[in-house]
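Student: Any chance you can model this:
(chains A and B)
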Amino acid sequence: MTAAAPAGARGRGAIGALTGRHRLKPLEALPWAAAIGAYFLFPDYLPLGAQVLVMVLFALSLDLILGYGGIITLGQAAFFGVGAYTAGLLGAHGWSEPITGLLVAGAVAGAVGVLTGLIVLRTEGLTLLMLTLMINVMLYEAANKASAVTGGSDGLQGIVISPVLGLFRFDIFGRTAYLYSLAVLFLAWILVRTIVHSPFGRSLTGIRENVARMHAIGSPVLLRRLTAYAIAAALSGIAGAVLTQSTQFVGLESLGVDRSGGVLIVLILGGFGRLYGAFVGAPLYMIAQDRLAALDPAYWPLAIGGLLIAVVMLARGGVLGLCGALLASLRGKGRR
Amino acid sequence: MHDLAAASISIAFHGVALAMVLYLVSVGLSITMGLMGFVNLAHGAFAAAGGYVALTLMNDLGVPFPLALAIAAISVGGASMLLERLLYSRLYGEHELSQVMFTIGLILVATGAAKGIWGPLSLPMHPPAYLQGDVDLWFRSFPTYRSFLIAAGVVLVTALWLGLERTRFGAQVRAAVDNRRMAQSVGINTSLLFTLTFALGSALAALGGAIGAEIWAIDTGYAQEHLVYFLIVVAVGGLGSIRGPFFASLLLGVSDTAFKYLLPEFGAFFIYALTLVLLLWRPQGLFGRAR
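Tutor: Here you go, the predicted model:
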């Protein structure tokens, strides 16, 4: 690369910003501090907290293909549900060890991601949207009708999950569920963060920004997209599996199109393509849902729909985008 | 053998009735997507709104059926014009993601508003006395209301096709779908055209929602529940086409009725699988042109 010989300090700054972008910043500790703080501050809300963490993980996986890969999907819940049912079926048929169950669920969801990705990723635009939606509703119908295996609309009963590492039993207060979800989320975050800053992640962003150019420089576009799609599918599946294991139940709503829409909303509200949008959007969405639905069933869709329209019209970057713009204008003023 | 023939006739009859509703609701969506490239997931909300307005007028205020339909179509068409000018038009040419998320937001707002105003239960549909009962054809009898649905559908479809083929407005719409920039260059006010077409599509959807309330009940989940079917009609029919969605509606209406009659336990699964295969075979739809 010829750009590696910068003339002045300004050039070195730009190179420094590029090469140093993968370094951890102090601000990145904030979500983890908040999550651990919430564990001690709100002991009564840990079951809800665990669900929020699962949603963060799910939205994080979506960010990988939507925010970085630029693939708009209306059917991400397909993989969440596949993972959830895999973990549930394992638990109901005697494989009660949670961590291996999680890995199997991720592998199955990832495999489904490869198979469907081979079909879906050859198309674009409305067709791609439609195909992701079709696959999602097909899996939902299949799970609904195959009630002998999945329990149908009653949900899968009789799931048994052993204590994590043989030590921590899933309790009714949600303590284990919360910490288990947090640990899985942390590992997934490290993985996704490493991926988006790797050469693979950069080429993914390149494909999002300009497909023709990436084809021209010889980047294997379909393979890159497929890999990202499969990794995101596996992570979504793991998110589903965590939910199944921590609640010891799995129902059809894990495969619902509502969930596919919900996770999109979470990511857009928080801010997509920023890695941390999921961490902001999920608590906002889930806590608002919990509070508003208790008041009146009409308030929740009105509020979240209105918020979504406002974000699309006024603040494309979501909450994180707003914070970024605010910080930038503050800094600009300070310099002046 | 006689049973088979009777069953086929029943399936065809009810399938075509469903197809008319599907077409009326979806044709506006197809034009909007073809004309403006706008992914409008909230289109079904206009159909639901039409249903709510018409049924409230009929059930609570005793407005006659035809008048209630007209008021529903006009009011929803007018309201959609306002929405198009205020919100939709800001997102023309924007990234698909913005359009998808905006319209999902719109579905949620519409759902919440419907819940707040009409409550969670579906509104009952009581057709007027002259459309109740059965109508006797020479070999067997058919439900009158469904026969009316088919007849009304045929009349509206013919009017729509003639309007688009024979009028100046129709020629302008076709020109703008084919080549928007060229249409603008020859002095067609495409922005006004978009607004009018959008309103027309929404008014037709409102009409479809209202007369179809006997098949698809009007409730708060309407826009979301049937979204997949509207999208199938549009994607299979081909974007921007007027005829494509009609044949896609017939295909979907009849096969949906047939599958539910013959293989109820597999329900919609086959429909989805069929759509998947069709879209893989022809991503631009059955009647769409390759882009």
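
Student: Which strands and helices lie in contact with the longest helix seen in chain B?
Tutor: What stands out as the longest helix in chain B, according to DSSP state H, is helix B:2-36. Under the contact definition 3 or more CB pairs under 8 Å, 6 or more residues apart in numbering or on different chains; DSSP states H and E, helix B:2-36 sits against helix B:43-61, helix B:144-166, helix B:168-178, helix B:190-211, helix B:227-237, helix B:243-262. For the C-beta atoms, the positions are set from N, CA and C on the backbone; glycine is no exception.

Student: gap between stretch A:257-271 and the chain center?
Tutor: The chain centre lies 9 Å from the centre of stretch A:257-271; the measure is CA atoms, centre = their mean, to the nearest Å.

Student: Briefly note if that stretch comes near chain B.
Tutor: Yes: using CB under 8 Å from any CB of the partner chain, we find that stretch A:257-271 touches chain B at A:Val257, A:Asp258, A:Gly261, A:Leu264, A:Ile265, A:Ile268.

Student: near chain B, which residues of the stretch 201-336 of chain A?
Tutor: A:257-258, A:261, A:264-265, A:268, A:272, A:296-309, A:311-313, A:316.

Student: Show only the entries of these found in helices.
Tutor: Of these, the ones assigned to helices by DSSP H are A:257-258, A:261, A:264-265, A:268, A:299-309, A:311-313.

Student: ok, is stretch A:61-78 in contact with chain B or not?
Tutor: Yes: Stretch A:61-78 is in contact with chain B by CB under 8 Å from any CB, via A:Leu66, A:Ile72, A:Leu74.

Student: tell me how far the ends of that stretch are from each other?
Tutor: 13 Å (CA to CA, to the nearest Å).

Student: so where's the stretch 201-336 of chain A shaky on pLDDT?
Tutor: Counting by pLDDT under 70, the ranges of the stretch 201-336 of chain A that qualify are A:333-336.

Student: For chain B, give me its nearest residue in it.
Tutor: Per CB to the nearest CB, the residue of the stretch 201-336 of chain A with the smallest distance to chain B is A:Gly305, at 2.9 Å.

Student: and the worst-scoring helix or strand of chain B on mean pLDDT, what does it pack onto?
Tutor: In chain B, the helix or strand scored least confidently by mean pLDDT, DSSP states H and E is strand B:134-136, which has a mean of 80. Contacts defined by 3+ CB pairs under 8 Å, 6+ apart place strand B:134-136 against strand B:141-143, helix B:144-166.

Student: Quick check: can you name the pairing partners of the first one and their directions?
Tutor: Spelled out, it's strand B:141-143. Taking DSSP bridges as the criterion, strand B:141-143 forms sheet pairs with strand B:134-136 (antiparallel).

Student: Sort out which residues of the strand it pairs with are buried, please.
Tutor: Of the residues in strand B:134-136, none count as buried by neighbour count, 16 or more other CB atoms under 10 Å in any protein chain shown.

Student: cool, and stretch B:72-89?
Tutor: B:Ala72, B:Ala73, B:Ser75, B:Val76, B:Gly77, B:Ala79, B:Ser80, B:Met81, B:Leu83, B:Glu84, B:Leu87, B:Tyr88.

Student: Mind listing residues that contact it?
Tutor: Stretch B:72-89 has contacts (CB atoms under 8 Å, 6 or more residues apart in numbering or on different chains) with A:309, A:313, B:38, B:40, B:46, B:49-51, B:53-54, B:57, B:102, B:191, B:194-196, B:198-207, B:210.
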